[in-house]
Every structure is written in structure tokens, then in C-alpha cells.
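In: Kindly return the folded structure for what I paste below:
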Amino acid sequence: MRTLWKSLSRFTFMLAIASMIAGIVLNLTAPSATYAFGTGNQPDLYKQVSSSSEESTSSEESSSSEESSSSEAPGGSECDETNPDCKKLEDPGNSGSYSGEDITTVVFKAGSAEFEVTVPGPGEHACNGPYCIEVGTDGSINWYIDCADYSPSECKDISHIQFWSTPGEDPEWYPFCRFVGDGVWVSDLTQDLSSLALQDIYPVPDTGCPSTPKYTYCQLQFDGSYVLVTDSLIPPGPNDPEPIEGACPDPLPRYTYCQLQQDGVTYQLIEDSLIPPGPDDVEPIEGACPGPMTYDYCSYQSDGSYLIVLDSTTPPGSMDISPIPASGVCEPYTYCQWDGETELFTFITSWDPMNTLGGDVDDDGGNCPQPLTYCQWDAESELFTFVTTWTPMSASDVEDEAGLCPQPLTYCQWDGETELFTFVTTWTAMTENDVEDEEGACPEPITYCLWDEGTNTYSLVTAYNPILGERDRYPAQNNMCDPLEIEFFCTDDPANPSGWTITNRNDFEINYVWYIDGSDAGGIGTIAAHYYQSFKTPYYPGVIRVYVDRELQATIPPQMCYYDDEESSSSSERTFTPGNPVTGPQPMVNPTPPAIGGGPLIPVTGFDESFNLRSGSLFVNIGLGLFGLSLVFTSMGQFGRKEDE
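Out: Reported below is the predicted structural model:
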């Protein structure tokens, strides 16, 4: 019997040690489940992903494939007998030499793969894999295989070699117009523009090569007759007309007249002249020219006066006035001349007569008409503008005061509907509610928190020059009058025993953020005015904090909710007993508040919640129990030994 107790004790002790080690390992290696609040229409609240990492292994498949064989050059051309840019050698051997012009690329075919090598300069070598070329000083290409660093499967015999050369560029031809004589050019091509003649044309005009036309016209002769000219390369002159039905016109007429000479007085008889008479020339009278020409004008004297001169053979000078004014007096005209640009009259003294069609008028003793000046009303802008105009005043216009016009009033006008002041510019006089503005600035209302004794709540109000009561106060930066309230209560959910109620006693909607110290639990939400919201979480030992606009509004320390086991027909049944539950404030607007925590906490790691949170501790507790049981078995073994003795 004593041996049995001793065996049971050892077995239980070893099982206890194994269970506790398993529990410790599970606690250390178990992924930490992070929960996120799931709500129906509310935004996700601080949803986070588990920090656990999963090891994933993937096997990389390696496949070796030989390069596909091709008989094409890098540009895509086939290397055959029809391609002048490529030379192909079949079975050339693993070494040899080749001479060609302008070879730029060598392609080796070995097995099913091709190896392209760019030809280096003279005296240099280049390789692609084991396949190499070396260029001699004479330009010859020597090929060979260097298999020192390659396996037999990588170093195969050469089946053929392709020698590629760069295609030569065709010489460029330039079209031009070559001069062939007699005013004719023909189209031609050249490779050397420097060989063009002086008469050649390059580039070719858009209209093609020119061809000098030949002209047919009647050429005017010195005697006034015309001569027919045909197929001439010289174009006609300005006095050479075209023939009419192959005939030239009659000779030009000849003129006989008395030409005024340069002295401006005498005339000379001109007969049978091709040049027509000028404006000062006259017809001869009975074949004779008239006597000297005479002039009538006002002659300028040295004292500044003028003297009337009649029938003078001396023409007027630059200071003389010609003709004599219509008044018969050698005095300048005085009148008011109209200026169309400035729209003003100017008093002038001039030898030029008055232009009544142009707007000139007689002066009134040296005084000219002046425009009107007054304050003109503008119906669109509702303002007076000082104007200078010839238009008479209307009923809306007013007289100006030394160039100054009436100005509208500016003040702060009271709006009874919005209960706000507005800066206005108007012709309407101020009322008793209006006030003077201070450089365009009007009084601004003040927002403060008004305490309502009946409802024991604050209201956010706006007023001018308010007198705050004992409990009235100015709001915080976020315009909150009453900070948020938070209360704790125990739920009937063992997985989420901690319940929270946040109350908004302000008369406006609040957006808030909450989280619990030392945990990943947290979220955001919106509470309507005079309303509250409730939600539940697992138990966390940290303090819950509520923020609005980054300002702390409420905190509350954690509390523990207890669940009691009661005897029943089933030993697995458990009943929940709330510990001092708080119902929270009643809603002040709607009877049913929309809780932001509409759904349970959801683990986002993908592991079973009970396994993550309790399996490690369970094994540790089982190990402790088995350890105690092993002590019992040891005691029983000791007790049995004493009885045996």
C-alpha cells in the first residue's frame, strides 16, 4: 500500500510540474487579443489589430531554363543570305578568326542558347559567359571558348556564329531648282549643296521651281507714241499699257499752255508738250500768255501791323496773310474754338476763319461758354458724383458745394431678427437701436453660459454687454458650458462586466473620445444635447478618461463587479449579481438613447477569447492543485508506513 501511495505521489508531482510549465509557456506565448467596439451606424472606435506575429514559410521554386534560341539580331532582322548586314558561319569550331567591315555584334549559338557579344575596340576582348572574342589590330575578330570557370553543361560547343554589321546610311539627296537659262528653272537633286550655282534656288519654294514669265505690252516712247513689245523678259513700266486686240493705243495728247515760272509772276508759252498743265498754268489768249501775275494780301509790317496790298506782282511772304479776310480788314479773327477731345471751348485769335460746322461759336467779349458743374445722382451705386458736363441737371441731381457732394451715412444697423449689428452705408438716418461704428467695426455679441434654475442646466446664449449672474460663466475653448459626466455600472455580461454612461447636459451636440489607461480599449462617439450614451467593456484596472477637443472632461477609477455561484440542478450554471448598479441619468429628449456600443467586443486576432485569456492560468491552477494532491499522496504514504511499523 505504501508503494502505491508513493507512486501516485510521484506521478501527481510530475504532472503538476508539467501542467505549470505548460501554463507559463501559454501565458508567455499566447497572442494578446485586442478588442474593437462594433456599432451599427457609428464609426469604428479605435479598431486595432493584434500584435501577434505569424510565422509563414514559403518554398521558393527554382527552375533553370536555357536561353531560347533565335536567329534574329537585337533589332529583329533575320540572319540569312538575303540580309547584307549579317554573315552566318555554320560549324565554325570553338576557335577561329573572321574579317569583315563594320562588325558591331557577334552572336554565338551553343546548344539551344545564344550569347550576344558586343565587338570591342582593336586589341581588346569581350565575353558573354565562356564565349569570347578578341579584336586584332587589323580589325579581324578571333573567337574562342574559355571554360575555366564554367561546368561542362554551361560550356558547350559552338554550332554557328553570326557576325552583324551596322547598316550603312544612304546618302541624303537635296532637291533644288537648277537654272537652265532664259528665265527657266527645273527641279533637280544634289548631294553637295556647295556645288549649287549662284542662280540655283535652294530650298525649293512651296509653289515649285519658278519660271520667269514673258511679257507683251505697248511701250511708251519719248514722242508719246507706243511700240508693241512681245515675249520680253523685262516687265512693262507704269506707263506701258497692254495692247487691245493686238494693237497699241493712239499716241498721247500734246498740250499747249502758259506755264507759271518760278518767280511766281511771269508766264512762258509751252507748245506740243506731253506733260499736262499744272494748277497755276493758264491757257494762252490768242496764242499769247497774259502779263505778270498779281496778288492781293495783308503785308506784315515791322511794327507788327498789317497793310493791305492789292495787285502786287510780289507774292506774299511767310508772315503775310493771304487772302485778305472777308471783313476787308487786316486783323485776325477772335472766337471760341471747340475742342472735341476735351469738350471745352477755348478763346483764340487766329487768321483762320471760324468753323461753325466744327462747333466754333462767337465769343462774348473774350468769354467762352463754360460747362456745368454739379453732383450727379447714380441710381445703380446710389451715390452722388461730381461732374463737369454740358448736360443740364436732372431732378435727382443737386448743386455741389465747392466741388463737394453729399455722402451717405455709415453706422452699425441693428437687425431685430438676427439680433446682430451690421455695418451699412446708406442714405437712411439712424434709428434709436443703431449705433455709431468705430472705423467700420461694429459691436460683437458675447457668448456665455446661462444657468437655468428650473432645469439645473446651462444654455449657450449670445448677448451684447451681458451681466453674468452668480452661476453664469464663460464657456471653455470648445464652447462647452457643462463638462461631460461619466458613471460606472455593472452589466449582466460576464465577458464585458464594466458598464459606462456618459451624459451631455449641454444644449448642443458633443463629439468625444474615450480610452482606459493601460489598455487598448477606447473609442469615439457623438452625444446629442441633453442626452447620454452607455457602453460596456471587459474589466480593466485603468482609469477611464473622456476628452472633447483634446480637453479632458471626465475621469472615473475602475470598479470590480462580482459574479456569485449558486447551487442548482446543474453545477455549471452561474448567476450574475450586479454590485451597486447605476441606472444613469434619464434621457432629457428622447426616451431611447442610441448606445454607441451596440455590439459586443469583438476580438480581431482570430483566436478563441476564452483560450487567449484563461488557458495559461488554467494550466497553472491545475498544476498547483496537482502539486497539493501529490503532497496528500505523500502524507498518506508516510501514514501507511507508520501503520506498517
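In: Report how many residues lie close to the residue lying closest to residue 129 once chain neighbours are set aside.
Out: Closest residue to residue 129 apart from its sequence neighbours, by Cβ to Cβ, 6 or more residues apart in numbering: residue 115 at 5.5 Å. In this view, the C-beta of every residue, glycine as well, is placed from N, C-alpha and C. Residue crowding around residue 115 was assessed by other Cβ atoms under 10 Å; the count is 17.
In: Could you grab the helix/strand/coil label for residue 115?
Out: strand (DSSP: H, G, I helix; E, B strand; the rest coil).
In: Please name the residues that touch it.
Out: For residue 115, the set of contacting residues under the criterion of Cβ atoms under 8 Å, 6 or more residues apart in numbering consists of 67, 107, 108, 128, 129, 131.
In: any low-confidence regions in the stretch 351-500 of the chain?
Out: Confidence mapping of the stretch 351-500 of the chain against pLDDT under 70 gives the ranges 476-478.
In: Isn't residue 443 up against residue 421?
Out: Yes. Judged on Cβ atoms under 8 Å, residue 443 makes contact with residue 421 at a distance of 5.4 Å.
In: Compare the two (neighbour count), which wins?
Out: Counted by other Cβ under 10 Å, residue 443 and residue 421 do not tie: residue 421 has more neighbours, with 21 against 14.
In: From residue 438, how far off is the more buried one?
Out: Here the distance between residue 421 and residue 438 works out to 11 Å (Cβ to Cβ, to the nearest Å).
In: what residues do residue 443 and residue 421 have in common as contacts?
Out: The contact sets of residue 443 and residue 421 overlap at 412, 435 (Cβ under 8 Å, 6+ apart).
In: Would you mark the buried spots in stretch 90-109?
Out: The neighbour-count check on stretch 90-109 (16 or more other Cβ atoms under 10 Å) flags 92, 94, 98, 103, 105, 106, 107, 108, 109 as buried.
In: Which members of those residues occur in strands, if any?
Out: Counting by DSSP state E, the members of the buried residues of stretch 90-109 that fall within strands are 98, 103, 105, 106, 107, 108, 109.
In: Of all pairs in those, which one is the farthest apart?
Out: Pairwise distances across these peak at 16.7 Å for 103 and 109 (criterion: Cβ to Cβ).
In: What's the end-to-end length of stretch 532-552?
Out: One end of stretch 532-552 sits 18 Å from the other (Cα to Cα, to the nearest Å).
In: Could you do stretch 380-397 as well?
Out: Counting by Cα to Cα, you get 14 Å between the two ends of stretch 380-397.
In: can you pull the buried residues of that stretch?
Out: By 16+ other Cβ under 10 Å, the buried positions in stretch 380-397 come out as 383, 384, 387, 397.
In: thinking again about what came up before, just give me the closest of the contacts of residue 115 to residue 350.
Out: When those are compared for distance to residue 350, the smallest value, 100.8 Å, is given by residue 107; criterion: Cβ to Cβ.
In: can you give me phi and psi for residue 333?
Out: phi -80, psi 150 (degrees, to the nearest 10).
In: Please tell me how far it sits from residue 177.
Out: Between residue 333 and residue 177 the computed distance is 69 Å (Cβ to Cβ).
In: The two: which has the busier surroundings?
Out: The residue with the greater number of neighbours, taking residue 333 and residue 177 and applying other Cβ under 10 Å, is residue 177; the counts read 22 against 17.
In: Break down the stretch 101-250 of the chain into its helices, ranges please.
Out: Listed in chain order, the helices found in the stretch 101-250 of the chain under DSSP state H, counting those that start in this stretch amount to none.
In: Any regions of it where pLDDT drops low?
Out: When the per-residue scores of the stretch 101-250 of the chain are filtered using pLDDT under 70, the ranges that remain are 167-171.
In: what are the ranges of the strands in it?
Out: 103-110, 113-118, 125-128, 131-135, 141-145, 158-165, 174-181, 184-190, 215-220, 226-232 (DSSP state E, counting those that start in this stretch).
In: And for the stretch 451-600 of the chain?
Out: Secondary structure of the stretch 451-600 of the chain (DSSP E, counting those that start in this stretch): strands located at 457-463, 485-490, 498-504, 510-516, 522-527, 531-537, 544-548, 551-556.
In: packing partners for the third one?
Out: What that stands for is strand 498-504. Contacts of strand 498-504 with other secondary structure elements, assessed using 3 or more Cβ pairs under 8 Å, 6 or more residues apart in numbering; DSSP states H and E, are made with strand 485-490, strand 510-516, strand 522-527, strand 531-537.
In: Relative to residue 344, which of these is closest?
Out: Proximity of those to residue 344 was assessed by Cβ to Cβ; the nearest stretch is strand 510-516, lying at 71.0 Å.
In: Sort out which residues of the closest one are buried, please.
Out: Judged by neighbour count using 16+ other Cβ under 10 Å, the buried positions of strand 510-516 are 510, 512, 513, 514, 515, 516.
In: ok, now stretch 339-354?
Out: Buried residues in stretch 339-354, counting neighbours by 16+ other Cβ under 10 Å, are found at 344, 345, 348, 354.
In: sorry, back to before: any idea which of the buried residues of stretch 380-397 is the one closest to residue 630?
Out: Comparing every one of the buried residues of stretch 380-397 with residue 630 (Cβ to Cβ), the shortest separation belongs to residue 383, at 107.0 Å.
In: In contact with residue 107, which residues?
Out: Neighbouring residues of residue 107 by Cβ under 8 Å, 6+ apart: 73, 79, 114, 115, 116, 117, 161, 162, 164.
In: surely the third one meets residue 108?
Out: Yes. With contact taken as Cβ under 8 Å, residue 114 and residue 108 are classed as touching, separated by 6.7 Å.
In: where's residue 9, which helix or strand?
Out: Assigned by DSSP states H and E, residue 9 belongs to helix 2-29.
In: So for that helix, mean pLDDT?
Out: Here the mean pLDDT over helix 2-29 is 74, rounded to a whole number.
In: Relative to the whole chain's centre, how far out is it?
Out: The chain centroid and the centroid of helix 2-29 are separated by 73 Å under Cα atoms, centre = their mean, to the nearest Å.
In: which helices and strands sit right next to that helix?
Out: Under the contact definition 3+ Cβ pairs under 8 Å, 6+ apart, helix 2-29 sits against helix 609-644.
In: re earlier: residue 156: which of the buried residues of stretch 339-354 is nearest?
Out: Distances from residue 156 to the buried residues of stretch 339-354, taken as Cβ to Cβ, are shortest for residue 344 (107.2 Å).
In: Excluding chain neighbours, give the residue nearest to that closest one in space.
Out: Nearest in space to residue 344, with sequence neighbours left out and distances taken as Cβ to Cβ, 6+ apart, is residue 371 at 6.9 Å.
In: residue contacts, that neighbour?
Out: Residues counted as contacts of residue 371 (Cβ under 8 Å, 6+ apart) are 343, 344, 388, 389, 390.
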